[in-house]
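Visitor: No letters, just coordinates:
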């Protein structure tokens, strides 16, 4: 666990220095980007799915199950006779490149948004597990900028790329369009009704009807043998934060043009999590929308005067740090292959061999 604490401390220090010295911010952001890519891209059997991805890359046993884009990417590296490490580094590099590009497009408070990303377990730590989906999430995040700026060709290219990597990106492809079209008509009471309604819908078991849509697919297991409900405390906290942010919905829209879209996407992530709360693994589709939380919260903190901003920032940092530590603690307690802890890197092995 110490490694992750040091990583967050070092990355946070670079981002803080970039905030203090804006004329050198690009340098500090660049160093932070390389640090993140190095940690994720050079990891060695870290993350629950890492070992499986290695097997699939080497044996081609699941090529028929994967989306065409990911299979094509693997085949390029296979043809070049390059090992899986290069493939995983390539994916990590572009996952965070799209993330950084998206943050630059959406907010002036870039360093804070990036730091929040690192602290949200379902964003950063999960990217060490669900490599393909995290790649698709970052592409969709960046693509949304082109949609709201009416650059439809670039939007379609990026979204089709995301779908070719992970088919679940079909959901944001359509929902992004709906949010773009109807954002101006969405009011606080609409979101509140959806938050409460989605939670009731799930808790009453009505969401079971949707399991038939996944019949004969690899996602069927999420509704049967892998049925793991979202923890009640997590639901309470997620909805509590969402309701708190509802009080500032109109003010945020007046201050930041993009927030009339981004806040709706943030609320949508909570609504989807509520809706599928009885099936924890299915809630991963909410991550396509949850990623916008990093921009929403960063802008919200800077919505207030400097004196109150410190308290807001401290409160959210304590909140995000708590769930970050809790996630690592749960990883220690669980018994499965390729855990997050201890962190291993091919660079560490190289240094040992060199000695």
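Guide: Looks like it came in fine. Keep in mind that what you see is a predicted model, and the values were worked out from it rather than measured.
Visitor: mind showing which ranges of this structure have poor pLDDT?
Guide: Regions of the chain meeting the criterion pLDDT under 70 cover residues 205-226, 337, 349-355.
Visitor: quick one, longest helix in it?
Guide: What stands out as the longest helix in the chain, according to DSSP state H, is helix 306-333.
Visitor: gap between the residue most central in space within the chain and residue 201?
Guide: With distances taken as CA atoms, centre = their mean, residue 123 lies nearest the centre of the chain, 3.2 Å away. The gap separating residue 123 from residue 201 is 26 Å, by CB to CB, to the nearest Å. For every residue, glycine as well, the C-beta is placed using N, CA and C.
Visitor: any chance you could read off phi and psi for residue 43?
Guide: phi -70, psi 160 (degrees, to the nearest 10).
Visitor: just the one 4 residues further on next, same as before
Guide: Listed backbone geometry of residue 47 is phi 110, psi 140, with angles given as degrees, to the nearest 10.
Visitor: circling back to that earlier point, ok, the residue lying closest to the residue nearest to the centre of the chain once chain neighbours are set aside - contacts?
Guide: Computed as CB to CB, 6 or more residues apart in numbering, the closest residue to residue 123 that is not its neighbour in sequence is residue 117, at 5.1 Å. Residue 117 makes contact with 99, 103, 123-124, 291, 294 under the criterion CB atoms under 8 Å, 6 or more residues apart in numbering.
Visitor: what's the closest of those to residue 233?
Guide: Looking at the contacts of residue 117 and their distance to residue 233, the nearest is residue 123, at 19.5 Å (CB to CB).
Visitor: correct me, but the closest one touches residue 292?
Guide: No: applying CB atoms under 8 Å, one finds residue 123 not in contact with residue 292, separated by 10.7 Å.
Visitor: quick one on the thing from earlier: identify the farthest-apart pair in the contacts of residue 117.
Guide: Based on CB to CB, the longest span within those runs between 103 and 124 and measures 13.3 Å.
Visitor: Now do the same for residue 46: helix, strand or coil?
Guide: With DSSP: H, G, I helix; E, B strand; the rest coil as the basis, residue 46 sits in coil.
Visitor: so it makes contact with residue 338?
Guide: Yes: with contact defined as CB under 8 Å, residue 46 reaches residue 338; the gap is 6.4 Å.
Visitor: returning to what we had before: contact partners for the residue nearest to the centre of the chain?
Guide: For residue 123, counting by CB under 8 Å, 6+ apart, the contacting residues are 117, 287, 290-291, 294.
Visitor: Most neighbours of all these, which one?
Guide: Ranked by neighbour count under the definition other CB atoms under 10 Å, the contacts of residue 123 are headed by residue 294 with 30 neighbours.
Visitor: quick one: it from residue 120, how far?
Guide: Distance from residue 294 to residue 120, counting by CB to CB: 7 Å.
Visitor: Pull the residues that contact whatever helix or strand residue 170 lives in.
Guide: Take DSSP states H and E as the rule and residue 170 turns out to sit in helix 170-182. Helix 170-182 has contacts (CB under 8 Å, 6+ apart) with 140, 143-144, 147-148, 159, 162-163, 261, 264-265, 268, 285, 288-289.
Visitor: Closest one of the residues you listed to residue 63?
Guide: residue 163 (17.5 Å).
Visitor: so what's that closest one up against?
Guide: 67, 69, 136, 169-170, 173.
Visitor: Could you measure from the residue nearest to residue 309 when sequence neighbours are not counted over to residue 342?
Guide: Nearest residue to residue 309, sequence neighbours excluded (CB to CB, 6+ apart): residue 301, at 5.8 Å. Plainly put, residue 301 is 34 Å away from residue 342 if you go by CB to CB.
Visitor: quick one, which of these two is more surrounded?
Guide: Per other CB under 10 Å, whichever of residue 301 and residue 342 has more neighbours is residue 301, with 22 against 10.
Visitor: hang on, isn't the more buried one packed against residue 313?
Guide: Yes: counting by CB under 8 Å, residue 301 does reach residue 313; the two are 5.0 Å apart.
Visitor: which residues do these two both contact?
Guide: Common neighbours of residue 301 and residue 313 (CB under 8 Å, 6+ apart) are residue 112.
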